[in-house]
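Asks: just a sequence and a predicted model for now, questions to come.
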Amino acid sequence: MISLSVDDIFDSLLMKKSVFKNKRVLSHDYVPNELPHREKEIQKLAYILATALKGGKPSNVFMYGKTGTGKTAVARYVLKKLAERGEKLGLSLSYAYVNCRYRKTNYRVLVKICDEIGCRGLPETGLPADMIFDKMIKQIDRKDQLVIIILDELDWLVKSSGDDVLYQLTRINNELERGQVSLIGITNDLKFKDNLDSRVLSSLSEESIIFSPYNAQQLYDILKQRTVMAFEDGVVDDSALRLAAAIAAQEHGDARRAIDLLRVAGEIVERQGENKLTERHILEAKDEVEKDLVEVTVRDLPVQEQLILLAIVNLSLSSNGDKITTGNVKKVYEDICIKLGYKPVTLRRINDIISDLEMLGIISAPVVSLGRYGRTKLIRVEVPINSILKVFEKDERFSVLLKK
DNA sequence: AATCCACAGGAAGTGCTGGGCG
DNA sequence: CGCCCAGCACTTCCTGTGGATT
């Protein structure tokens, strides 16, 4: 094997013509100028928000649909246009975007809103939450203005912190003298509405927009549009696009997943020094994306969650097809704890951890009733077990157990 | 039809961490 | 510095329940 010097590698990279024209087009936060197959949703949101241009307060909006159905993109797109138009008309309107998945506490959501509307530098922790709320009100009330707050992935916030902040936010207009606030709530969990206070729900869903998943043809159109912008001409095979669209269509019509596949496939093409993106690269990309995702997720899990996952993996390898229940997991988990010298957590906690692992998509754990033999969760690993094992083998805390 | 298993999952609280404030 | 605050992992105590078996 010929060994290349670092300089050689750099040189070859620089000399080679990239297959990408503009890779940014394939990143998550890119909002294109056209959103194919979302015209209706855009129109509806635009109608609702248009009130703002006449100085009114638009109704609160609730948008729901599964991941990658364009909710965030539509919201960002319309808001951007609205802000532009507002500026031309000399109106004072702004918006704050908060993704609750990464700020899943009341406090952090408020801090983020403050940050977005120009009140920077608040600490991530340490202050009383109502103080931040007051700060926010003062900031909004400085002048006659409309602030539209977008709460993306709202279900995460409600699940982990309840709807206190939501309640406060829906009532915020009562406390404002000059400014006004409209809310846009976005969620992909349809059942989550049940957990909401009815007052919050009715206030938040004055208007609602439903996003249905894309089908394969629509995904194809989206990919086609991005391809033209992102890749050099003639690089991407049409059949590769069809395949990526088909794969993503199976996974609840997730456009983000489709675009990920395309981007990673493009990176693979570059790495392998080729100049054509084919179906093969899409398949390789699929593997890579899945493996990476699993490995990163498992590696960054708290240790107790790892131990319980280890127990589940053990069970699904040994007890050939036997039912894996919460009680089973508990036994194996406690054995593992003794062998590795960890203090086991209680059943109640195990139950929460199993739910966590399910939320992460590593396992499925539907509640089933075995009649006389009780009610439990039926657990199954939903990702390639080898990817999980790979992480544990590398981790010296567990490797003792895995080596023979 | 009644029973009862093996848990599910809500509520409230503890102990610890990491930060701010006067 | 001591005090306060929120978050997190976890515990304790608890009530609820689908359906095979009695």
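Replies: Structure received.
Asks: how about residue A:169, nearest residue that isn't a chain neighbour?
Replies: Closest residue to residue A:169 apart from its sequence neighbours, by Cβ to Cβ, 6 or more residues apart in numbering: residue A:183 at 6.0 Å. Bear in mind the C-beta positions are built from the backbone N, C-alpha and C, glycine included.
Asks: what does the pLDDT read for that neighbour?
Replies: We note a pLDDT of 92 for residue A:183 in this prediction.
Asks: what of residue A:48?
Replies: 94.
Asks: next one: residue A:381
Replies: 93.
Asks: care to break chain A down by domain?
Replies: A:39-210, A:215-292, A:301-399 (automatic domain parsing).
Asks: which stretches of the stretch 101-250 of chain A form helices?
Replies: Secondary structure of the stretch 101-250 of chain A (DSSP state H, counting those that start in this stretch): helices at A:106-116, A:129-140, A:154-161, A:164-170, A:172-175, A:198-204, A:216-230, A:238-250.
Asks: tell me if the first one is near DNA strand B.
Replies: In other words, helix A:106-116. No: shown here: helix A:106-116 not in contact with DNA strand B (Cβ under 7 Å from any atom of the strand), separated by at least 10.1 Å.
Asks: got the contact list for the helix or strand hosting residue A:313?
Replies: Per DSSP states H and E: residue A:313 is located in helix A:303-318. With contacts defined as Cβ atoms under 8 Å, 6 or more residues apart in numbering, helix A:303-318 is touched by A:298, A:301, A:322, A:324, A:328-329, A:332-333, A:335-337, A:340, A:342, A:345, A:349-350, A:353-354, A:356-357, A:362-363, A:379-381, A:385, A:388-389, A:392, A:395, A:397-398, A:401.
Asks: please see if the first helix or strand past that helix going along the chain touches DNA strand C.
Replies: Using DSSP H and E, the helix or strand that follows helix A:303-318 towards the C-terminus is helix A:326-340. No: residues of helix A:326-340 contacting DNA strand C under Cβ under 7 Å from any atom of the strand: none, with a closest distance of 10.4 Å.
Asks: now the strands for chain A?
Replies: For chain A, the strands defined by DSSP state E occupy A:61-65, A:93-99, A:146-152, A:180-187, A:207-211, A:363-364, A:367-369, A:375-377, A:380-381.
Asks: so which bits of stretch A:371-383 are buried?
Replies: Using 16 or more other Cβ atoms under 10 Å as the test for burial, stretch A:371-383 gives A:376-377, A:379, A:381, A:383.
Asks: contacts for that stretch?
Replies: A:290, A:294, A:312-313, A:316, A:323-327, A:329, A:351, A:354, A:361-370, A:388.
Asks: what do you get if the cut-off is 6 Å, keeping everything else the same?
Replies: A:294, A:312, A:316, A:324-326, A:362-369 (Cβ atoms under 6 Å, 6 or more residues apart in numbering).
Asks: out of the domains of chain A, nearest to residue A:10?
Replies: Among the domains of chain A, domain A:215-292 comes nearest to residue A:10, with 14.1 Å by Cβ to Cβ.
Asks: and that closest one, how far out from the chain middle?
Replies: Distance, stretch centre to chain centre, for domain A:215-292: 19 Å (Cα atoms, centre = their mean, to the nearest Å).
Asks: around DNA strand C, pick out the residues from the stretch 1-150 of chain A.
Replies: A:104-108, A:125-130.
Asks: nearest residue to whichever residue of the stretch 51-200 of chain A sits closest to DNA strand C other than its sequence neighbours?
Replies: Ranked by Cβ to the nearest atom of the strand, the top residue of the stretch 51-200 of chain A for proximity to DNA strand C is residue A:105, at 2.7 Å. Excluding its sequence neighbours, the residue lying closest to residue A:105 (Cβ to Cβ, 6+ apart) is residue A:161, at 5.1 Å.
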